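S.K.: Show me the folded form of this:
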Amino acid sequence: MLRCHCRNAQANPRGHRGLLHGRGLPPRDGLRLALVGLAATRHIMFSAAQFDAAYAQRIGFADGVDADPMAAALTYAGGLARNAPLTIAGTKTLLNGLTMDMGLLTAQVVDAVVNRAVASDDYRDARQAFVEKRAPVFTGK
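M.R.: Modelled structure (predicted):
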């Protein structure tokens, strides 16, 4: 669950506390720290407390709480599929560099991400689509 880009937790109307048990989940690559910050990571790791979906959302561990998290994830993915794939990939690179390993985010990496997007067919089509008042057609090229 930590490596997902969007995490939806299942709502439990009974309020059962069992979404995640802190014990046995050592921080991996700083993922938990990047998601929820130092205070929440410290609480999760030290207390080994179980927590419910509402708490997971409040601390940023889950992006949403839904009765059907799979349906919510598919709806979200459908929206992403309509966006520019190079922009999504570039944003992922930049955000990972900012939150996980600052050494990976150099000026050269930022320039490469931006230049790749600006030189793409997708960028050209998006600009033309704006002029023509139509939806762009993204191909990832």
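S.K.: For the chain, which segments count as strands?
M.R.: Assigned by DSSP state E, the chain shows strands spanning 8-10, 20-21, 50-51, 64-66.
S.K.: do you know how far Leu94 is from Asn8?
M.R.: 24 Å (C-beta to C-beta, to the nearest Å). C-beta: built from backbone N, CA, C; applies to glycine.
S.K.: who does the lengthiest helix in the chain touch, helix- and strand-wise?
M.R.: Ordering each helix of the chain by length in residues (DSSP state H) puts helix 31-47 first. Contacts defined by 3 or more C-beta pairs under 8 Å, 6 or more residues apart in numbering; DSSP states H and E place helix 31-47 against helix 53-59.
S.K.: what residue lies at the spatial centre of this protein?
M.R.: Taking C-alpha atoms, centre = their mean as the criterion, His5 is the residue nearest the geometric centre of the chain, at 2.9 Å.
S.K.: wouldn't that one be in contact with Thr91 here?
M.R.: No: counting by C-beta atoms under 8 Å, His5 sits too far from Thr91 to count as a contact (10.1 Å).
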